[in-house]
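Visitor: Prediction below, plus the sequence it came from.
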Amino acid sequence: MPRQFDVIIVGAGIAGASAAYELAKTRRVLVLERESHPGYHSSGRSAAMYVGSYGNKAIRGLSLASRPFLESPPAGFAEAPLMRPRGVLYIGGTNDEATLAAFHAEVAPSCPSMRVVGIDACMKRVPSLKPDSICGGVYDPDSFDLDADLLLQGFVRGARQAGARFVLDSEIQTIRTEGQAWEVVANNTAYAAPILVNAGGAWADEFAAQAGVRPVGLVPKRRTAVLFAAPDGVSVDTWPAVMDIHERFYFKPDAGHILASPADETPSAPMDAYPEDLDAAIAVDRVQRVAGFPVRRLQASWAGLRSFVADKTLVIGFAPDAPGFFWLAGQGGYGIQTAPTAARTARALIDGSGLPADVAALGVRARDLSPARPALSQ
Ligand SMILES: Cc1cc2nc3c(=O)[nH]c(=O)nc-3n(C[C@H](O)[C@H](O)[C@H](O)COP(=O)(O)OP(=O)(O)OC[C@H]3O[C@@H](n4cnc5c(N)ncnc54)[C@H](O)[C@@H]3O)c2cc1C
């Protein structure tokens, strides 16, 4: 006889853990994770930033609606702040004035503190920038460093306290429907629930196919990050994150070091991603074109997968072709900063109560997130 739950969640990254946190408030929840600890894949490899001005309109809405939770989580959720002010400076190359202005015009209505700044203001914030390599920037003060691990652990702990069960090292062998329920066998143990949440990250389409559900066209894309020592004698801690307006690189202070990325988006099979030497070298080269500090030795490099569907928006909703199969996928490069609201939205849609009012008020519509939206038909 399978062990009975109200919801089975596949995947214990930030998506699965946050969904468990929300759903365990009112349901018996089981989380199945293939790896030996939550957050082993993308969720443990992020750049740990909250950038409300990043991504398309629906993403910005999910991020902005997450900010109150991240700034002020429930009592006991985390023993230290989840966010610390950082700011982000989008910089333009020598001919990018129009691109900066267009970006500002598009995003400022939802991020009103953003402003276009000249070269001098850029240099004041990040004195190591090379003034002849930039035309200015757009500064967004409402960006933060996130403690991604504390957030993940808070979700896992809160879910467990509410009764959710996490089964790790759990490879799923079979999935089938039995009457109104999904029956999953993992490590020779059978579990059943009427609702199955697919929070499988880069594997979400593979898992759907295993369940006989039509995939959403997810493409995992590798992104690389490197860490090196800050320049001697320069205090970098007050620098904002610096992002190329065309997203060809970014760098930011990280505990006395500098974290940089070539902002690569190399399509990949779902896998335990690892950094290529070439991508690490490109990160250093692109940063050094705009910043005049030496990079002597890389102290660390890593890579993870950011998984996107065609319109680069999250997929949250019941599959149109499989009753009880719920998608929570396509988190792309925003899965950490959107997690509190994506999870709340998932719970509301599973409850059948529609989008949370604060999310709808930010211009996000259920059809923007739906797995049945036309942009995902392949
Ligand atoms: C270099 C880099 C920088 C980033 N920077 C940021 C940032 O600054 N801010 C931000 O918000 N986001 C950032 N991201 C994106 C963010 O990390 C992802 O959007 C997020 O982690 C995705 O979470 P997830 O839970 O969907 O996926 P994952 O964390 O990958 O979790 C999915 C889990 O599902 C499990 N799983 C899959 N299939 C099965 C199965 N069949 N059975 C059991 N378990 C299964 C996997 O083992 C995995 O643990 C970055 C990503 C990278 C790589």
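Guide: All right, it came through fine.
Visitor: Would you mind naming what in the stretch 251-378 of the chain lies close to the ligand?
Guide: 304, 306, 331-337 (Cβ under 6 Å from any ligand atom). In short, each C-beta sits where N, CA and C put it, glycine included.
Visitor: Val226 looks like it's in a helix, true?
Guide: No. Assessed with DSSP: H, G, I helix; E, B strand; the rest coil, Val226 is strand; it does not lie in a helix.
Visitor: so what's the residue lying closest to it once chain neighbours are set aside up against?
Guide: Closest residue to Val226 apart from its sequence neighbours, by Cβ to Cβ, 6 or more residues apart in numbering: Ser301 at 4.5 Å. By Cβ atoms under 8 Å, 6 or more residues apart in numbering, the residues touching Ser301 are 224-227, 275, 280.
Visitor: Relative to the helix or strand in which Ser301 is found, what are the paired strands and their orientations?
Guide: For Ser301, the element it lies in under DSSP states H and E is strand 298-308. Partners of strand 298-308 in the sheet, by DSSP bridges, are strand 219-229 (antiparallel).
Visitor: Distance check, the residue nearest to Val226 against the ligand.
Guide: 10 Å (Cβ to the nearest ligand atom, to the nearest Å).
Visitor: what do you get for Gly354?
Guide: Distance of Gly354 to the ligand, given as Cβ to the nearest ligand atom: 23 Å.
Visitor: any idea how far that residue lies from Arg347?
Guide: For Gly354, the distance to Arg347 under the criterion Cβ to Cβ, to the nearest Å works out to 12 Å.
Visitor: In terms of neighbours, single out the busier of the two.
Guide: Neighbours were counted for Gly354 and for Arg347 using other Cβ atoms under 10 Å; Arg347 has more, 21 against 12.
Visitor: Give me the pLDDT value at the closest residue to the ligand within the stretch 1-150 of the chain.
Guide: Shortest the stretch 1-150 of the chain-to-the ligand distance, computed as Cβ to the nearest ligand atom: residue-wise this is Gly13, at 2.1 Å. For Gly13, the pLDDT comes out at 98.
Visitor: Kindly report the same for the one 10 residues further on.
Guide: Among the per-residue scores, Leu23 holds a pLDDT of 98.
Visitor: got it, and Leu168?
Guide: For Leu168, pLDDT reads 98.
Visitor: wait, doesn't it sit right on Ala12?
Guide: Yes. Contact criterion Cβ atoms under 8 Å: Leu168 and Ala12 qualify, at 7.2 Å.
Visitor: what residues do the two have in common as contacts?
Guide: Common neighbours of Leu168 and Ala12 (Cβ under 8 Å, 6+ apart) are 33, 35, 38.
Visitor: what's the burial count for the last one?
Guide: Close neighbours of Pro38, defined as other Cβ under 10 Å, add up to 25.
Visitor: With the second one instead?
Guide: When counting by other Cβ under 10 Å, one arrives at 17 neighbours for Glu35.
Visitor: what about it, which SS state?
Guide: With three-state DSSP as the criterion, Glu35 reads coil.
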